[in-house]
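**Q** Sequence and predicted model, in that order:
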Amino acid sequence: MSGFHETPFPLAVALGASGGPERRTDIVTLASGRERRNGRWADSRRRYDAASGIKTLDELHAVIAFFEERRGRLYGFRFRDRGDDRSCPPLQTPGPLDQRIGTGDGTTRAFQLVKTYGGAFAPYVRTIAKPVAGSVAVAVDGATLAGGAVSVDTTTGMVTLATAPAAGKAVTAGFRFDVPVRFDTDRLTVDLNQFAAGAVPAIPIVEILP
């Protein structure tokens, strides 16, 4: 991913940010009152406002420094989404059986980390490109692989196994992950008078799709 810094946004601020997934849908209302709906995006895109996570002037200063180092919108970075940062629900511990990332064919050794949302009706499969180092556990046919049998590229989310799984064997994984994002502004407006009264500037952040 070009123009990307593999560095995390200040965690204390990220954990207090607001935001979530966004989709783009066209809706046409017919003369009869019925609707025609068309989803323009195949993938959702997350948007956040980090302003709500800033509680002190020191945190504000850290965000300004981070913004300057990223040159505004120029460079992407890692962002921790408190509500969706792992292969399982937020209050659970990731395990190697959490997400199915592929099926063995006797030849393929590389698999992309993904997270599936929903059930059998219309599940959405999201590419996970920024796993947290040391958090990925992989299993083949339910058996957890030792660390030496798996290598993980934390910049792309690709998992490579030392041995190709046999045909039909499920490849699963558990992990924590960050969201690849960038600032969605080239300007931060800081009003210290309003900050003292409890208000902070807007700090828009948008996901970079892999």
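**A** Arrived safely, thanks for sending.
**Q** buried set for the lengthiest helix in the chain?
**A** Counting residues, the longest helix found in the chain (DSSP state H) is helix 57-69. By 16 or more other CB atoms under 10 Å, the buried positions in helix 57-69 come out as 59-60, 62-63, 66-67. Just so you know, the C-beta spots here come from the backbone N, C-alpha and C atoms, and that holds for glycine as well.
**Q** Also stretch 159-170?
**A** 159, 161, 165, 169.
**Q** From what I see, the first one and V152 are in contact.
**A** Yes - counting by CB atoms under 8 Å, V159 touches V152, with 5.4 Å between them.
**Q** To which secondary structure element type does A12 belong?
**A** helix (DSSP: H, G, I helix; E, B strand; the rest coil).
**Q** and the buried residues of helix 57-69, which two are the farthest apart?
**A** Across the buried residues of helix 57-69, the longest distance by CB to CB is 12.6 Å; it joins E59 and F67.
**Q** Report the contact partners of G142.
**A** 97, 170, 172 (CB atoms under 8 Å, 6 or more residues apart in numbering).
**Q** Dump the longest helix of the chain to CSV, keeping only the CA atoms.
**A** Provided in CSV are the C-alpha atoms of helix 57-69 (Å, rounded to 0.1, in the frame of the first residue of the first chain):
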residue,chain,number,x,y,z
LEU,A,57,-4.3,19.2,25.9
ASP,A,58,-1.5,16.7,25.9
GLU,A,59,-3.6,14.3,23.8
LEU,A,60,-4.5,17.2,21.5
HIS,A,61,-0.8,18.0,21.1
ALA,A,62,0.0,14.3,20.3
VAL,A,63,-2.7,14.3,17.6
ILE,A,64,-1.4,17.5,16.0
ALA,A,65,2.1,16.1,15.9
PHE,A,66,0.8,12.9,14.4
PHE,A,67,-1.2,14.9,11.8
GLU,A,68,1.9,16.9,10.9
GLU,A,69,4.1,13.8,10.5
